[in-house]
Every structure is written in structure tokens, then in C-alpha cells.
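Novice: sequence plus the predicted model coming up.
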Amino acid sequence: MSKIKVSQVTSRRERDAFIKFQWQIYSEDPAWVPPLIIERKAFLDGKRNPFYRHGDAALFLAWRKDKIVGRIMASDDPNYNSLHQSNVGCFGLFECIDDRDVAAALFEAAANWLRAKGRTEIMGPIDYSTNYVCGLLIDGFQFPPTILTAHNPPYYKELIESCGFGKAKDWYAWWFADPSRAVMHLRRLVTRVHKRCSVTFRPANLKNLRDESRRLREIYNQAWKKNWGFVPFTEAEIEFMTKELKPLLLPKFAWVAESGNKPVGFALGLPDINVVLHDLNGRLTRFGFPIGLIKLLFCKNRIRKGRLLALGVIEKYRRSGIAEMLVLRVIEETMVKRGITGELSMTLEDNFMINRFLEAIGAYRYKTYRIFTRTLTE
């Protein structure tokens, strides 16, 4: 067996090779959706991605002779450790051939980098933090990933476990095959909303997205603060994400609940542009022309698949039907009126209230994502 060498990415050329290695892993996987190369470059750019204003990360490539056989990112988020009083670092963007020795070499490189930061635990897959794509798919491999969710080969679970990792937490993805059934259940549930509190519901203001995103950040950082793995969005991070998602947003895919002038809850959905990205092969231009971009923007309103990717209500206002009303608004205005089917994800395995609620309105769990953890020994 040839010797495996792991090197840290230090040049633009190596970063590009890091990004494009995925094409080697997924060449025979019909469910995989190639990421946009231009988006991946921005995501990994320490000068552009606001995560690097408070955290740090490093990329590593595994080589056998002159061929890349794996990749990994190690990241360190002081905000997370300060909030949780922990001493953990993360691995993410893990891709590897089906070879335990290659996987072990990659994890050792990430572990060494985190040890140098003084960390005593490693968990993942987490791309920077839980505010970004995270989790290893452990079932539902036949289904294509929706926007901003992970996809990987089935053998990754065994590779990771063989390197000493154990389960930390699972997340679920839910599918709405029959939105009309969900609407029927939700309409019965929300009849009690106005009996408990005076709350109004409105579509998100896409014309003043910067101010609206700050309101959503305020709700998010309050509503999710007791959830496992939570780390607050910084103002810079929410601005970065808003800029990235702005071209994809559609009217009435996002809703806000307000008590007076105070935002108390929101639901955010997106058309699943992965339906279009699947055929673009990572590029927005061909022959010097923005063919992919034109196709993406043209098809945005015609996509018949969506994802509800965020739902939150401030604790004081829970158990009053607000979450049910928000979900109802999104389903009615997107799925029913536009003829869309879609996914709600991700929910924590021990969030029994929301999981029972989703089952009750007719959604079914069709994917599971797992976070793994391992102690870093000297």
C-alpha cells in the first residue's frame, strides 16, 4: 500500500482541488447535486466569510502518490465554546475514498490542528458551526439533497466510527407528500391562536431584506438558545447569509409573527434550487456566457420542490399555536397554491414536541443526519 500524505491547503490552486475532489467521489451517485464552485470559493475564503472574524479553520488534503484521495476541514469556534463552557473543535467538508487508512490520516490531521488550539474534543461533520451545513446522512441515500443539506456515500458512517467516533446527536428531515392533508390538520390546530394571545402574521418584507434579516436573527438567537449545538448568528454572519440567499427568496416563502411591533416567531422556506443545480455541474457560465445563472433565475419561480429550513418561536410565546400558524402560512402559500411538495428540516431527535407535531400533520421522516464526537487524546 502506498504511503498516505496529508498536507494543509495553502494556495488557491490547492483550494480549487479541495473543492473539485467531490466530483471524484460522486461520479456514480445519481442523487448527488454538484455545488456551485463560485459559492464554494466564497464559503472557504477567510477574507469573505464572516466566520473567520471570530473563528478559525484549516483545510487538509490526503494524497496517495500524486492523487488526491480525501479531504477534511478543521474549525474552531470560540463563540460556541464560550457559550457552552466546552472545549470542542469541529471537522467538516469530509470526503474520502472507501479506505480506513485515508480516513484515519485525515482525522489525525484535523485532530492535531485542534490540539494546537488547545481543544480536547472533536465533533462533526459540521462546516464551521451548526448555523451552516452539518450532519452525516445515515439513511435516505436514494433521495437527492435539498438546498443547504448534506449528502454523502453510505460507507462514510463506518469510516468515521472505525476512527473512534461515537454518536453525539441525530437530526431528522421530514417530507410533506400531501400538503393538503397538513393544511387540514393545521387549520383545526390554529383556531385557538387568537384566543391565547394577540399575534399578527405577515409575509417577510423582501424589499427591506437587511432590516428583516436582523429581526429574524433576533428571533433565532432567542428561540434556539436552549437547543443542542446552538451558537448565535453574529450580525456579520446573518448579513453574509442574507446576501447569499437573496436571489433565491420568493414572496410568501418566509413569514413573521409579531406581538405589537415585537417579532416573536418566523418560518423561512426556499425553493429547492438543487433541482436546477443538478444539471449545471457546478458552473454558472458556459463558453463565457452566464447560461447557468439565466437558467437558475428563470426556473426559480417554476421549481415545484421546496424546503422549510427554519422555524422558531420565542419561548414566552410557545404553546399558543404560533408555530402551527407559521407552518400553515408557508404550506398554504407555497405548497398548495404553487403545487409544491417539500421538506422540513432539520429537527433534533429529542425535540419530541415538534417531531410529534410533524407526524400529526402528515409529514414522514425520510432522512436522518448524525453528528459524531471523539475525545482528543495526547
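Specialist: Good, I have the coordinates.

Novice: any buried residues in stretch 15-28, and which?
Specialist: For stretch 15-28, a neighbour-count test (16 or more other Cβ atoms under 10 Å) marks 15, 18-19, 21-22, 25-26 as buried. From N, CA and C alone the C-beta is placed, and that goes for glycine too.

Novice: ok now that stretch, how far from the chain's centre?
Specialist: Centroid separation for stretch 15-28 versus its chain: 20 Å, with Cα atoms, centre = their mean, to the nearest Å.

Novice: what's the span of that stretch, first residue to last?
Specialist: From its first residue to its last, stretch 15-28 covers 23 Å (Cα to Cα, to the nearest Å).

Novice: on that earlier part again, any chance of the buried residues of stretch 15-28 in CSV with secondary structure as columns?
Specialist: As requested, these are exported to CSV (DSSP: H, G, I helix; E, B strand; the rest coil):
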residue, secondary structure
Arg15, helix
Phe18, helix
Ile19, helix
Phe21, coil
Gln22, helix
Ile25, helix
Tyr26, coil
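
Novice: dump these into a markdown table; add pLDDT as well.
Specialist: A markdown table is the format used below for these (pLDDT from 0 to 100):
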| residue | pLDDT |
| --- | --- |
| Arg15 | 97 |
| Phe18 | 98 |
| Ile19 | 97 |
| Phe21 | 98 |
| Gln22 | 97 |
| Ile25 | 98 |
| Tyr26 | 97 |
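
Novice: ok, which pair from the residues you listed is furthest apart?
Specialist: Distance extremes for those: the farthest pair is Arg15 and Tyr26 at 19.0 Å, using Cβ to Cβ.

Novice: quick one: contacts of the host helix or strand of Ala42?
Specialist: Assessed by DSSP states H and E, Ala42 sits inside helix 37-43. Helix 37-43 is contacted by residues 15-16, 19-20, 48-49, 127, 244, 282-284 when judged by Cβ atoms under 8 Å, 6 or more residues apart in numbering.

Novice: again, only using 6 Å
Specialist: With contacts defined as Cβ atoms under 6 Å, 6 or more residues apart in numbering, helix 37-43 is touched by 19, 48-49, 282.

Novice: buried ones from the residues you listed, can you make that a ChimeraX selection?
Specialist: Entered in ChimeraX, the line below selects the buried ones among those, by 16+ other Cβ under 10 Å:
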select :19,49,282
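
Novice: inside helices: which ones of the contacts of helix 37-43?
Specialist: Cross-referencing those against helices under DSSP state H gives Ile19.

Novice: assign Ile238 to helix, strand or coil.
Specialist: helix.

Novice: please shift the residue numbers so they start at 35 in all later answers.
Specialist: With the count now opening at 35, the last piece we talked about shows up as Ile272.

Novice: so it is in contact with Arg251, correct?
Specialist: Yes. Using Cβ atoms under 6 Å, Ile272 is in contact with Arg251, at 4.4 Å.

Novice: and the contacts of helix 71-77, which is closest to Ala291?
Specialist: Asn83 (30.6 Å).

Novice: let me know the pLDDT of that closest one.
Specialist: At Asn83, the model reports a pLDDT of 94.

Novice: got a list of what it touches?
Specialist: Contacts of Asn83 by Cβ under 6 Å, 6+ apart are Phe77.

Novice: hey, where'd the helices end up in the stretch 135-284 of the chain?
Specialist: Using DSSP state H, counting those that start in this stretch, the helices of the stretch 135-284 of the chain run over 190-196, 213-223, 227-230, 243-257, 269-279.

Novice: this structure: strands as residue ranges?
Specialist: Using DSSP state E, the strands assigned to the chain run over residues 38-42, 90-98, 101-110, 122-130, 155-158, 170-173, 200-210, 234-237, 288-293, 296-305, 339-347, 375-382, 398-409.

Novice: quick one: closest of those to Cys333.
Specialist: Comparing those under Cβ to Cβ, the one sitting nearest is strand 296-305, at 8.7 Å.

Novice: least confident of the helices of the stretch 135-284 of the chain, on average?
Specialist: Among those, helix 227-230 carries the lowest mean pLDDT (a mean of 60).

Novice: since we're on Ala96, how many residues are nearby?
Specialist: 26 (other Cβ atoms under 10 Å).

Novice: the closest residue to it other than its chain neighbours: neighbouring residues, count only.
Specialist: In space, and not counting its chain neighbours, Ala96 is closest to Gly104: 3.7 Å by Cβ to Cβ, 6 or more residues apart in numbering. By other Cβ under 10 Å, 26 other residues sit near Gly104.

Novice: give the contact list for Gly104.
Specialist: So Gly104 contacts 96, 130, 136, 140 (Cβ under 6 Å, 6+ apart).

Novice: distance of it relative to Leu95?
Specialist: 7 Å (Cβ to Cβ, to the nearest Å).

Novice: please apply the same query to Phe274.
Specialist: 26 Å.

Novice: out of the two, which sits in the more crowded spot?
Specialist: Leu95 (21 against 18).

Novice: thought that one was touching Ile106?
Specialist: No. With contacts counted by Cβ under 6 Å, Leu95 stays clear of Ile106, the gap being 8.5 Å.

Novice: excluding covalently adjacent residues, which one is nearest to the residue nearest the centre of the chain?
Specialist: When Cα atoms, centre = their mean is applied to the chain, the residue found nearest the centroid is Val167 (3.1 Å). Nearest residue to Val167, sequence neighbours excluded (Cβ to Cβ, 6+ apart): Asp161, at 4.9 Å.
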